[in-house]
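K.L.:
What shape does this take:
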Amino acid sequence: MKNMVRQYIHSLLISVFLFLVSLPATAVECFVTVKSYDELKDGMKCLIVKVSEEGNTIMGIYADGNNFPSEGIPDVQAYSHDIVEYRPSKMSLLTLHKTDTNTEDNDWYFTDQDGKYLSVVTSSTSSNYLKSVNTKSDFCNFAITVDSDSYNAKISSIKKSGYYIQFNGEFLFFSAYKSSQNPVNLFRKLGDYYLRKLYKDKFGTICLPYAVSAEGVAASGAKYYEILGKTMAGDVVDGIVLAEVGELKACTPYILYTTGDNAIILPEGTAAADVPELPKSNGLVGNLSSKTIYAPANSFIINGDEIHLVPTGVKANVLNNYAYITLDDVPEFKGSLPQNAKRMSVMGGTTGITVSEAAPDRSPAAYNLAGQPADANAHGIVIVNGRKVIY
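P.N.:
Below is the predicted model:
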């Protein structure tokens, strides 16, 4: 009886844990640091931010008022790639415009969400003030430079030469000062993207309805792996062999490993014409449906540092864009290993994830030139999966 109660409590705890760890990607607006002048585009949605160790603040706007008050935004640089996860209010979101799109002149202006223009104040008694105005004038034009090392942005008035937008830490507002010693940062709004919050050096799963290019994968803050097969210890599965991929295919589940600080971010790529609800790939089963699904008993769910065997009777949530593993559908691994292949230990139950470089063992699928199965210690020319390999 005690064992039954203990087993029930264990299953209940796993169920609760799996529910808590399967949190969805955050659906908020994301902004990234502008790192070069070439990133500036006409019509770009952006924020003007002061990043500092004392705290990070964003410039706000209110109509026809001198000096823009500041809004606090937590941890501007908390996520990989200097991502700001933020719901911009009406007073903070700006649109950058090129004064003349037919020239290469460094001449820009900003508007707020009401269509008002960011302007330096023309009055000599308040020469360092900023405000928003209804009618555009030369006082609304700015030149912008971005330092390629620090990513600091200097936004200077063209009409009032030498005046730069800066943050006044004493009075907590942004203004225009005749100095360039206290630059700000520009953050541009991302287009279509997928954001997943994860801690650094953790494992997870992912499945997207669109493809992601090699460039997008490289900049995402994670590495991605496909399952090549499972390794056996007698009749028992003791591991799965993983191979890193450079691109993500649409509607294909993968195992991921985070290399960024707290998040991965993937730009939206080419969408699949036909999106299955439960795409499969070598034992990985993804969820692209509009609802949460449940991983079946005896399947595995990966989260962070652990891999969990789903017990019978436990509902393990698998949210949209996540995946689970069914070992029965993973083929036994045979053949030569690709470079940098990894082996993930699978021992059953809930265990910590152990990943090692996969040893280049040869399976019975290897033969010598006489057509006989090659011994594991054989040297010379060995035929592996129809290819000649020299050991």
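
K.L.:
Would you mind identifying the next helix or strand past whatever helix or strand residue 187 lives in?
P.N.:
Assigned by DSSP states H and E, residue 187 belongs to strand 185-189. Once strand 185-189 ends, the next helix or strand along the chain (criterion: DSSP H and E) is strand 193-197.

K.L.:
Who does that next one pair with, and is each partner parallel or antiparallel?
P.N.:
strand 263-267 (antiparallel) (DSSP bridges).

K.L.:
Distance from the partner strand to the middle of the chain?
P.N.:
Its chain's average C-alpha position is 2 Å from that of strand 263-267, according to C-alpha atoms, centre = their mean, to the nearest Å.

K.L.:
Parallel or antiparallel, which strands does the helix or strand that comes right after it pair with?
P.N.:
Note on strand 263-267: by DSSP H and E, the next helix or strand toward the C-terminus is strand 280-281. According to DSSP bridges, strand 280-281 has the following sheet partners: strand 284-286 (antiparallel).

K.L.:
in the stretch 251-391 of the chain, what spans have low per-residue confidence?
P.N.:
Applying pLDDT under 70 to the stretch 251-391 of the chain flags the ranges 261-263, 348-372, 375-391.

K.L.:
can you rerun that using 80?
P.N.:
By pLDDT under 80, the low-scoring segments of the stretch 251-391 of the chain are 260-271, 304-305, 334-340, 347-391.

K.L.:
ok, now which ones touch the residue nearest to residue 145 when sequence neighbours are not counted?
P.N.:
Leaving aside its sequence neighbours, residue 145 sits nearest to residue 154 (C-beta to C-beta, 6 or more residues apart in numbering; 4.8 Å). Where you see a C-beta, it was placed from the backbone N, CA and C, and this is true even at glycine. Residue 154 makes contact with 144-147, 164, 180, 183, according to C-beta atoms under 8 Å, 6 or more residues apart in numbering.

K.L.:
Point out the least confident one among those.
P.N.:
Least confident of the contacts of residue 154 in the model: residue 180, at 77.

K.L.:
Run a quick neighbour tally on that one.
P.N.:
Burial measure for residue 180: 15 neighbouring residues, criterion other C-beta atoms under 10 Å.

K.L.:
Nearest residue to it in space, please, no chain neighbours.
P.N.:
residue 164 (4.9 Å).

K.L.:
can I assume that neighbour is in contact with residue 175?
P.N.:
No. Using C-beta atoms under 8 Å, residue 164 makes no contact with residue 175, being 9.7 Å away.

K.L.:
for the stretch 201-350 of the chain, what spans make up the strands?
P.N.:
For the stretch 201-350 of the chain, the strands defined by DSSP state E, counting those that start in this stretch occupy 203-206, 222-233, 236-245, 254-258, 263-267, 280-281, 284-286, 293-295, 300-303, 306-309, 316-318, 323-325, 342-345, 350-352.
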